[in-house]
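A.B. asks: build the 3D model from these lines:
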Amino acid sequence: MYSEKLSIVKQALGSYYESNDEMLFHCPKCNHHKRKLSVNINKNAFKCWICDYRGNNLGVLIRDRDLRSRWNSLVNQVDITRFDDLFKDQDRYVLEKSLELPEHFTSLSSSKLSSIGIKAKKYLLNRGISFSDILLYKIGFCYHGTYRGRVIVPSFDDRGELNYYIARSFDNAYMKYKNPPCSRDVIFNDVYIDWSIPVVLVEGFFDSLKYQNSIPILGSTLSMSSKLFTRIVDKCKTVYICLDQDAKQKELKIVKNLLDFGVKVCKIELYDYSDLGEVPEHLLVDYKKRASLITREDYLLQKLDFGG
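C.D. replies: Sure thing, here's the model as predicted:
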């Protein structure tokens, strides 16, 4: 299996030389003239010693779709010869505790709500979230504890297991959002996504309700080593992107990375609105129909416009 992986990496990155148990290639991100991208196939990790481009998934380095398909078929296989090695040092391998909803989570679908629950429901309705949305996305709130006064929006992975949740204050708390004790490297509500059609990338959950098949990037930049980016590159030929007007630099970086991997990117403009949440419902379909396909030349022009 190692030799097969090595063959794919060599075809993807070109010539290399070995240094101890690692291989050094030219970095596809900074294109430094020296081979400074360190790749370790056994650890499935890489790092560039010039630009610090790094990750724990070599698949993001493999941009050819056929090669990436072969790579994915290999990494999804189980190498039973490594089981003994994995359990030699038990202290290094700790089973992850499953994420659970906050202790005082209460569903907002209930017909009998406390005064704080009624306030939470009113907050959502004022943001254009219908009762059917509350049912579909299993939205609740907390009446006590660490997340008191917050709307809780669960996220489920492709197997229907909880992988994250948003805790948004509706009670004028100092922090609008309070993150759960887990990694943000998730595909938010993957269980609802149809990967056979284009997805729409937006900033937050409330934005994602504007368009079907939308995925919030949770306000963070979309790293090339993230689960979401990897899934997009593997599954999507075309992606729509619609971020707030004040996120142009972040948007440009995401667009460039997707173009580098051969993904078509269509930009949904917001025109006179600063963020997607402000756009009236009757304009949404028209805005998406008018979305423009971004070429590399378009990207370069926009980069110049924003001082890149």
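
A.B. asks: only C-alpha atoms for contact and neighbour calcs from this point on.
C.D. replies: OK.

A.B. asks: contacts only, for residue 62.
C.D. replies: With contact taken as C-alpha atoms under 8 Å, 6 or more residues apart in numbering, residue 62 is in contact with 9, 12, 13, 68.

A.B. asks: same question for residue 145.
C.D. replies: Counting by C-alpha under 8 Å, 6+ apart, the residues that residue 145 touches are 103, 104.

A.B. asks: quick one: which of the contacts of residue 62 is nearest residue 268?
C.D. replies: Set against residue 268, the nearest of the contacts of residue 62 by C-alpha to C-alpha is residue 68 (28.7 Å).

A.B. asks: between the contacts of residue 62, which is closest to residue 243?
C.D. replies: The nearest member of these to residue 243, counting by C-alpha to C-alpha, is residue 68 at 28.4 Å.

A.B. asks: what helix or strand is the closest one on?
C.D. replies: Secondary structure assignment for residue 68, by DSSP states H and E: helix 65-75.

A.B. asks: hmm, back to that, tell me which of the contacts of residue 62 fall in helices.
C.D. replies: Judged by DSSP state H, helices contain the following of the contacts of residue 62: 9, 12, 13, 68.

A.B. asks: just the buried members of the residues you listed?
C.D. replies: 9, 13, 68 (16 or more other C-alpha atoms under 10 Å).

A.B. asks: which residues touch the second one?
C.D. replies: Residues in contact with residue 13, defined by C-alpha under 8 Å, 6+ apart, are 25, 26, 28, 61, 62.

A.B. asks: which residues in the stretch 101-250 of the chain form strands?
C.D. replies: Secondary structure of the stretch 101-250 of the chain (DSSP state E, counting those that start in this stretch): strands located at 105-107, 140-142, 150-156, 162-169, 199-202, 214-216, 238-241.

A.B. asks: can you list the neighbours in contact with the first one?
C.D. replies: Contact partners of strand 105-107, identified using C-alpha under 8 Å, 6+ apart, comprise 138, 139, 140, 141, 142, 143, 152.

A.B. asks: my guess is the fourth one contacts residue 120. True?
C.D. replies: Yes: with contacts defined as C-alpha atoms under 8 Å, residue 141 counts as touching residue 120 at a distance of 6.8 Å.

A.B. asks: what's the overlap in contacts for those two?
C.D. replies: Residues touching both residue 141 and residue 120 (C-alpha under 8 Å, 6+ apart) are 149, 150, 151.

A.B. asks: what's the pLDDT at residue 83?
C.D. replies: Note for residue 83: predicted pLDDT of 42.

A.B. asks: just give the number of residues close to residue 32.
C.D. replies: Per other C-alpha atoms under 10 Å, the neighbour tally for residue 32 reads 16.

A.B. asks: next, count neighbours for the nearest residue to it once chain neighbours are set aside.
C.D. replies: The shortest distance from residue 32 to any non-neighbouring residue, by C-alpha to C-alpha, 6 or more residues apart in numbering, is to residue 26 (6.6 Å). Using other C-alpha under 10 Å, residue 26 has 19 neighbouring residues.

A.B. asks: in contact with residue 26: list those residues for me.
C.D. replies: By C-alpha under 8 Å, 6+ apart, the residues touching residue 26 are 13, 14, 16, 32, 33, 34, 35, 36, 37.

A.B. asks: residue 246: which of the residues you listed is nearest?
C.D. replies: residue 32 (31.5 Å).

A.B. asks: separation between that closest one and residue 22?
C.D. replies: The gap separating residue 32 from residue 22 is 18 Å, by C-alpha to C-alpha, to the nearest Å.

A.B. asks: just want the most central residue of the chain.
C.D. replies: Central residue of the chain (C-alpha atoms, centre = their mean): residue 228, 3.4 Å from the mean position.

A.B. asks: that residue and residue 292, how far apart?
C.D. replies: From residue 228 across to residue 292, the span is 23 Å (C-alpha to C-alpha).

A.B. asks: ditto for residue 236
C.D. replies: Distance of residue 236 to residue 292, given as C-alpha to C-alpha: 17 Å.

A.B. asks: between those two, which has more neighbouring residues?
C.D. replies: residue 236 (17 against 14).

A.B. asks: tell me who's in contact with that one.
C.D. replies: Residue 236 neighbours (C-alpha under 8 Å, 6+ apart): 195, 196, 197, 198, 199, 263.

A.B. asks: much appreciated, bye for now.
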